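Asks: sequence and predicted model, in that order:
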Amino acid sequence: MALRLVFFGLVVLPFTLLGLPIQFVIVRTGLPGWQFLPSIFFKLLAFTLGLRVALAGQPLAKGPVLVVANHIGWLDIIAVASKVPVSFVAKSDVARWPLIGTLARMHKTVFVDRARRTDTRRTAAEMSARIAQGVPVLLFAEGTSGIGTHVLPFRSALVGAAPKDGASIQPLAIAYTKISGLPLSRSERRQIAWIGDMGITDNLAAILGSGPKDVVLAFGAPIPATIDRKLVAKRAQTTVRRMLNALNRADPLPRDGEVV
């Protein structure tokens, strides 16, 4: 843990302090290349936290896309953003968190107030506009986080945010498979997952205190956005569940590519 904290203080923190004003200007003025600095930041952060991220399958590189994924904890964001340039959909509370809220806005995060049903329409419109601009958006479709052994039902309301004219929905399974090179036990999953009323300080201490963590991002076959949103949510949920189960059992993925 000590070496990771030293790396954070000597490398990650200075990079953040220097890069944040530059990123602010890029985002506010609409300059291209807004993903460049965040990509470096998340790679450094993933290294600090001991994440070893592998890709399986092929993330869509062209065209408008909404990625729908399972959710285990805030480490998911770091793992995904260190490999794939996406904007996230996050609960509105995150926007008010000191520093974290600022970093989220600089990463073009779309915020949703889940306590207000009327906010769903506004959020969907913002997601749709972002996707239409060619910015991939990632939605944690369960609406909450789990321990990583199963997939909760995907909520369909925001899945319908993908534009119907040419957009795709791509399922993504996020699986934490090993700690220090050994298969992850159920009890060790609580060192990674953010469950219930767990405080971020306790969760961060558990993550920093654990060894290197292997995480696989498995991308499934895209689904056309023209299909009914409830059917899309069901199909994506089934795909993510099958891939997650395979990764947790160390079985071959079901026709969704190999780890690269």
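Replies: Received, thanks.

Asks: from here on, just use CA atoms for contacts and neighbour counts.
Replies: Fine.

Asks: buried ones in the helix or strand encompassing Phe7?
Replies: Here Phe7 sits within helix 2-7, counting by DSSP states H and E. For helix 2-7, the neighbour count (16 or more other Cα atoms under 10 Å) marks Arg4, Phe7 as buried.

Asks: tell me the buried residues in the following helix or strand past that helix?
Replies: Next along the chain after helix 2-7, taking DSSP H and E as the criterion, comes helix 13-29. By 16+ other Cα under 10 Å, the buried positions in helix 13-29 come out as Phe15, Thr16, Leu20, Gln23, Phe24, Ile26, Val27.

Asks: that older thread, quick one: mean pLDDT over the helix holding Phe7.
Replies: Across helix 2-7, pLDDT averages out at 82.

Asks: who are the packing partners of it?
Replies: helix 36-48 (3 or more Cα pairs under 8 Å, 6 or more residues apart in numbering; DSSP states H and E).

Asks: show residues contacting the helix it packs on.
Replies: Helix 36-48 has contacts (Cα atoms under 8 Å, 6 or more residues apart in numbering) with 4-5, 7-8, 12, 15-16, 19, 23, 52, 78-79, 81-83, 85, 107.

Asks: at 7 Å instead, please
Replies: Here helix 36-48 makes contact (Cα atoms under 7 Å, 6 or more residues apart in numbering) with Arg4, Phe7, Phe8, Val12, Gly19, Ile78, Ala79, Ala81, Ser82, His107.

Asks: ditto for stretch 237-250
Replies: Stretch 237-250 is contacted by residues 150-151, 153-154, 171-175, 177, 218, 220, 252-254 when judged by Cα under 7 Å, 6+ apart.
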